[in-house]
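Participant: Dropping the sequence and predicted coords here.
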Amino acid sequence: MTTTAAIDLGATSGRVILGHWDKGRLDLEEIHRFPNHLQTLHGNDYWNIPVLYTEILNGLRKAVKKYPSLASCGVNTWGVDTALMDQSGRLIFPIHAYRDNRTEPFHRQLVKKDLPKVFQWTGIGAQPFNTSLQLQETFSSYPPLREMVKNILFLPGYFSFLLSGEMANDLSIASTSQLMAIQGTQYSKEALAHFGIPSGVLREAEPAGRLLGTVREAELEKVQVILSPGHDTGCAFSSMPAQAGKKDLYISCGTWSLCGFLSEQPLLSEKALAMGVSNERNGDGAFRPTRILLGLWLLEQTLPDIGGTPANAAEWEVLVGGAEASAPPETLLDISDKRLFNPANMKAAIDEQLRQREAKIPSGRNEYARLILESLAKGQADALRDFSAMTGEAFDRLVLVGGGSKNRLLCQLAANYAGVEAVSYELEGTAVGNSGQQLVSLGAVEDWATFRQSLDTQLKGISYQPAS
């Protein structure tokens, strides 16, 4: 048996999940879980990096204590955020959280004037949290940093550096930046110049899979650190079960709903630009045209003001059952509304949007849950239709993983709105993809095709047929 540790950091929690590979089967075990949330200081939002790293080490030490032969670990996080360092790797600027609104003036300028050419250079749409805008704001606000910064790593690369001492960025995380050239694996010289980012400071991107070294911390010296697909979505898409002859739109539904598909070519049309398509990459560099939609963040942030967040599976079942019994809303939320991105109070922001549209405001917890889930499902179905129109190809299925895949009402509504089968897999997509890369790098699995084939035979999806 080969055991790996997937260090999976999300915006609201982090986990160390062990992958046990034995006789062609992967079994997961959560060994450590810890909370994560951005910290607001003087009007700006930051990540508490020392706490996160301490929790990573706590999880790895728990793993080694239980499984002394732990072979390796790999790190994945959310996209776009970076660590700015000097030559030795010392942080010289605080790590902002992507929801910080400091980029808004630069985002407005990009959308107003420069987005079409930037999209042709990089294939990435105008999200206000893009690395390009974050670094533009940083270097504009603090010009001396242009001389001080010698290395920039995305967060998975930074945590891997803390563990191993080796600096590296993988393709999946670098592709979220709006700085990589659409062709090849280099950063776009045009984009770097446009956003005012010094050349040579961003560590070049490379395919996932390299062994970076062993962990430099006490009790963990025998554990290899592997460059996994650093972007959680890249990990999730790498692990998606596939069926021969089926054209699938994959949805990784958690804090965000990331809707996309694997493609040999990027989508660079005016329609793709208008949709906000991000032509991100998988760990091997393959294109993954993706539409980024608001996800269960809407529900998570509303629940505290409508009766509280369910504490266990039984309480979630009550909430979903109540939402199912509620009447469908007459007006759905506009989930592209930027006011829902990070409001001080999500319920108030939802109410205000409905008020402005002269729509009925939900009367209770169940109605709010139904409204949010139905709005998310409609957004996912719209993404399927838009991608189909752009590619000229029909999608046969929606394939859902992540926390949203466990919500039967969301899955059924997605099938209803899309008019195609939705298949949900209760799959820890990011952890599976992270573990899969480690197993391939270690030689425990021959290749990705072999790994995905094993998943297809091991997993049983739940099929939701569209209502007639």
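Facilitator: Thanks, I have it.
Participant: Show me how far the one helix or strand Val118 maps to is from its chain's centre.
Facilitator: Per DSSP states H and E: Val118 is located in helix 115-122. Counting by CA atoms, centre = their mean, to the nearest Å, helix 115-122 is centred 22 Å from the centre of its parent chain.
Participant: after it comes which helix or strand?
Facilitator: Counting by DSSP H and E, the next helix or strand C-terminal to helix 115-122 is helix 131-141.
Participant: okay, the angle between that next one and helix 115-122?
Facilitator: Relative orientation of helix 131-141 with respect to helix 115-122: 110 degrees, computed using axes from the mean of the first three to the mean of the last three CA atoms, to 10 degrees.
Participant: If you count neighbours, what's buried in helix 131-141?
Facilitator: Thr131, Ser132, Leu133, Gln134, Leu135, Gln136, Glu137, Thr138, Phe139 (16 or more other CB atoms under 10 Å). Bear in mind the C-beta positions are built from the backbone N, C-alpha and C, glycine included.
Participant: quick check: domain ranges of this protein?
Facilitator: 2-233, 242-426 (automatic domain parsing).
Participant: So which residue of the chain lies furthest out from the middle?
Facilitator: Residue farthest from the centre of the chain, counting by CA atoms, centre = their mean, is Glu358 at 33.9 Å.
Participant: any idea how far it lies from Glu330?
Facilitator: Relative to Glu330, Glu358 is positioned 11 Å away (CB to CB, to the nearest Å).
Participant: Go ahead and report the secondary structure state at the residue farthest from the centre of the chain.
Facilitator: coil (DSSP: H, G, I helix; E, B strand; the rest coil).
Participant: okay, now Glu446: neighbour count?
Facilitator: 10 (other CB atoms under 10 Å).
Participant: and the residue lying closest to it once chain neighbours are set aside, what does it touch?
Facilitator: Distances taken as CB to CB, 6 or more residues apart in numbering put Val440 closest to Glu446, at 7.8 Å, once the chain neighbours are dropped. Contact analysis of Val440 by CB atoms under 8 Å, 6 or more residues apart in numbering lists Gly209, Glu446, Asp447, Trp448, Phe451.
Participant: Run a quick neighbour tally on the fourth one.
Facilitator: Counted with other CB under 10 Å, residues neighbouring Trp448 total 19.
Participant: same question, the third one
Facilitator: For Asp447, the neighbour count with other CB under 10 Å is 9.
Participant: Grab the nearest non-local neighbour of it.
Facilitator: Closest residue to Asp447 apart from its sequence neighbours, by CB to CB, 6+ apart: Val440 at 6.2 Å.
Participant: Please settle this for me: is the one you found part of a helix?
Facilitator: Yes. If the criterion is three-state DSSP, then Val440 is within a helix.
Participant: thinking again about what came up before, tabulate the buried residues of helix 131-141 (CSV), appending distance to Arg25 and pLDDT.
Facilitator: Shown next, in CSV, are those (distance: CB to CB, whole Å; pLDDT from 0 to 100):
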residue, distance to Arg25, pLDDT
Thr131, 38, 98
Ser132, 42, 98
Leu133, 44, 98
Gln134, 41, 98
Leu135, 43, 98
Gln136, 47, 98
Glu137, 47, 98
Thr138, 46, 98
Phe139, 49, 98
